[in-house]
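S.K.: just a sequence and a predicted model for now, questions to come.
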Amino acid sequence: MQVLKFGGTSVGSAERMKEVAKLVNYPGKKIVVLSAMSGTTDQLVKVTKALYAHNSEEASKLLKALEPKYRETVEKLFTSEEYKKKGNELITQHFNLLWSFTLDMFTHNEEKTILAEGELLSTALFHYYLEEQKIPSILMPALNFMRIDEDGEPDIEYIEEHLKRELSKDPHSQLFITQGYICRNPFGQIDNLKRGGSDYTACLVGAAINAEEIQIWTDIDGMHNNDPRIVPNTFPIAELSFDEAAELAYFGAKILHPYCIRPAKKRNVPVRLLNTMQPEAKGTLISRNASGDAIKAVAAKYKITVIKIKSDRMLMAYGFLRSVFEVFERYKTPIDVITTSEVAVSLTIDDNSHIDDIIKELEIFGTVSAEMNQVIICIVGDFLADRHGYAVRIFDSLKDVPIRMISYGGSKNNISILVNAEHKNDALLALNKGLFTKNK
Ligand code: ADP
Ligand code: ASP
Ligand code: MG
């Protein structure tokens, strides 16, 4: 069985949906995971923000601006009056639910329900389209099997058991359609896997069924060697190991959700990144095999905060770092990069939700300073300890960029550098020139 995930742009219009239908219509059992049509989740996030601000007029305006996109999709997607009617009724139903939140009470739970509407709409429309085209398929609700635990982590056992149960309801079906991103929490309420979470759904589903392959179809021909939104002339990387891809995803390569490689790696299910606009392109294959090339790619993770704790009394005492880490653990805040000296420790976090409490607790140990708006630049490859020269090439490339922190040796796949946000583009461009351009 294969799992194929199509992102927002890939299902972003009636034309795109028709292309996806062609791509999935081949023999063999498969689960197709769809995102919301592009722009929808962004717009729904704006709606929830307006509702949190008690501005239901603004929320209504935002919904009013979104609805025509769906009406137009229905007009263009379906040929028969019967399916146009069905499609329009579906949209009316979903938008009625959305409108209802502008009139009624709005809480955290409603926020998640609103955000789920994008994937519920795209999958239902796509399923109707397949039906009209007489392509047999089953719409398999993700809310029946995707679940997170109290810590917001996927509940792997639950997912596996319930997904298998869902699939066994239609043992002879070849094509299952389901929603990316959305799930339930342990209380049964609607929740999600955070922005970009459809990739995570696909990989969790692929791991749960031990799929032959997980395909992530998007709007670019694979993982590029640098951020194509910033750096010109980037190119796709043919092969990456799970560890390399996981580092790139975690450290900001937007093409993949930060955690989605973990489940695939655990079950050794290869992940292929493919381009819906250019289906014949080879894309990127992520698997257990490493291709051996030293420096593969560069990614950047934004909105990082660096926290520095200076303490001349306690740093050398054993148990000091543990006490520091325990503070972050209490607030469920992961640390990304860490450097130490005899008198100070600097570490970075990307989640500022508890920063004030964290700083207050850290002040017991010494002088604490925090600086926001930092960027982690992550250089990924296979940095074998017995080869040398990588660091020289990297730092030579960055000779004109002020560097705040360096982390080397934490893993054999990653060298991380912290720079101020204002130097991010310069750093990415300089690394591209120094590491990937032949005639520099
Ligand atoms: P989807 O909606 O299909 O999930 P995303 O927008 O989440 O697509 O991810 C694809 C985008 O990721 C690309 O259009 C590209 O701009 C961006 N991106 C950032 N870094 C990289 C990278 N290293 N390689 C490829 N794409 C990248
Ligand atoms: N629709 C969700 C988002 O925009 C999930 C996804 O596209 O992966 O974040
Ligand atoms: Mg995405």
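M.R.: Yep, it's here. Numbering: from 1, shown residues only. Ligands and ions are numbered 1, 2, ... in the order given.

S.K.: please count neighbours and contacts with C-alpha atoms only from this point.
M.R.: Will do.

S.K.: the strand or helix carrying residue 415 pairs with which strands, and in what direction?
M.R.: Assigned by DSSP states H and E, residue 415 belongs to strand 414-420. Paired strands of strand 414-420, with direction, are strand 367-381 (antiparallel), strand 405-411 (antiparallel) (DSSP bridges).

S.K.: pLDDT averaged over it - what is it?
M.R.: The pLDDT scores in strand 414-420 average 95.

S.K.: do the same with stretch 143-156
M.R.: On average, stretch 143-156 scores 96.

S.K.: and for stretch 349-369?
M.R.: Here the average pLDDT along stretch 349-369 is 95.

S.K.: mind checking the end-to-end distance for that stretch?
M.R.: One end of stretch 349-369 sits 13 Å from the other (C-alpha to C-alpha, to the nearest Å).

S.K.: same question, stretch 351-360
M.R.: Start-to-end, stretch 351-360 (C-alpha to C-alpha) is 16 Å.

S.K.: what do you get for stretch 339-347?
M.R.: End-to-end distance (C-alpha to C-alpha), stretch 339-347: 6 Å.

S.K.: again, but for stretch 6-18
M.R.: One end of stretch 6-18 sits 12 Å from the other (C-alpha to C-alpha).

S.K.: now do the same contact list for residue 142.
M.R.: 178, 179, 180, 182, 183 (C-alpha atoms under 8 Å, 6 or more residues apart in numbering).

S.K.: try it again with 10 Å
M.R.: 33, 119-120, 159, 162-163, 166, 177-184, 201, 205 (C-alpha atoms under 10 Å, 6 or more residues apart in numbering).

S.K.: how many neighbouring residues does residue 172 have?
M.R.: By the criterion of other C-alpha atoms under 10 Å, residue 172 has 9 neighbours.

S.K.: ok, now residue 341?
M.R.: 10.

S.K.: now swap in the one 3 residues further on and tell me
M.R.: For residue 344, the neighbour count with other C-alpha under 10 Å is 18.

S.K.: ok, residue 436 next?
M.R.: Counted with other C-alpha under 10 Å, residues neighbouring residue 436 total 17.

S.K.: in terms of pLDDT, where does residue 257 sit?
M.R.: At residue 257, pLDDT is 95.

S.K.: is ligand 1 contacted by the longest helix seen in the chain?
M.R.: Identified as the longest helix of the chain according to DSSP state H is helix 108-132. No. If you take C-alpha under 6 Å from any ligand atom as the test, helix 108-132 misses ligand 1, and the best it gets is 12.0 Å.

S.K.: what comes up buried for the strand or helix carrying residue 94?
M.R.: Using DSSP H and E, the element containing residue 94 is helix 81-103. Of the residues in helix 81-103, 83-84, 86-88, 90-91, 94-95, 98-99, 101-102 count as buried by neighbour count, 16 or more other C-alpha atoms under 10 Å.

S.K.: that helix packs against which elements?
M.R.: helix 40-52, helix 56-77, helix 108-132 (3 or more C-alpha pairs under 10 Å, 6 or more residues apart in numbering; DSSP states H and E).

S.K.: for the second one, packing partners?
M.R.: The one in question is helix 56-77. helix 14-24, helix 40-52, helix 81-103, helix 108-132.

S.K.: using PDB, list the CA coordinates for the third one.
M.R.: So that's helix 81-103. Taking C-alpha atoms only, helix 81-103 is exported to PDB below (Å, rounded to 0.1, in the frame of the first residue of the first chain):
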ATOM      1  CA  GLU A  81     -25.900  19.700 -12.500                       C
ATOM      2  CA  GLU A  82     -26.400  16.900  -9.900                       C
ATOM      3  CA  TYR A  83     -22.800  17.200  -8.600                       C
ATOM      4  CA  LYS A  84     -22.800  21.000  -8.800                       C
ATOM      5  CA  LYS A  85     -25.800  20.900  -6.600                       C
ATOM      6  CA  LYS A  86     -24.200  18.400  -4.200                       C
ATOM      7  CA  GLY A  87     -21.000  20.500  -4.100                       C
ATOM      8  CA  ASN A  88     -22.900  23.700  -3.400                       C
ATOM      9  CA  GLU A  89     -24.900  22.100  -0.600                       C
ATOM     10  CA  LEU A  90     -21.700  20.800   0.900                       C
ATOM     11  CA  ILE A  91     -20.200  24.300   0.900                       C
ATOM     12  CA  THR A  92     -23.400  25.800   2.400                       C
ATOM     13  CA  GLN A  93     -23.300  23.300   5.200                       C
ATOM     14  CA  HIS A  94     -19.600  23.900   6.000                       C
ATOM     15  CA  PHE A  95     -19.900  27.700   5.800                       C
ATOM     16  CA  ASN A  96     -23.100  27.700   7.900                       C
ATOM     17  CA  LEU A  97     -21.100  26.000  10.600                       C
ATOM     18  CA  LEU A  98     -18.300  28.600  10.200                       C
ATOM     19  CA  TRP A  99     -20.800  31.500  10.300                       C
ATOM     20  CA  SER A 100     -22.400  30.100  13.400                       C
ATOM     21  CA  PHE A 101     -19.200  30.900  15.400                       C
ATOM     22  CA  THR A 102     -19.500  34.600  14.500                       C
ATOM     23  CA  LEU A 103     -22.900  34.600  16.400                       C
END
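
S.K.: looking at the stretch 201-350 of the chain, which residue is nearest ligand 2?
M.R.: residue 257 (7.5 Å; C-alpha to the nearest ligand atom).
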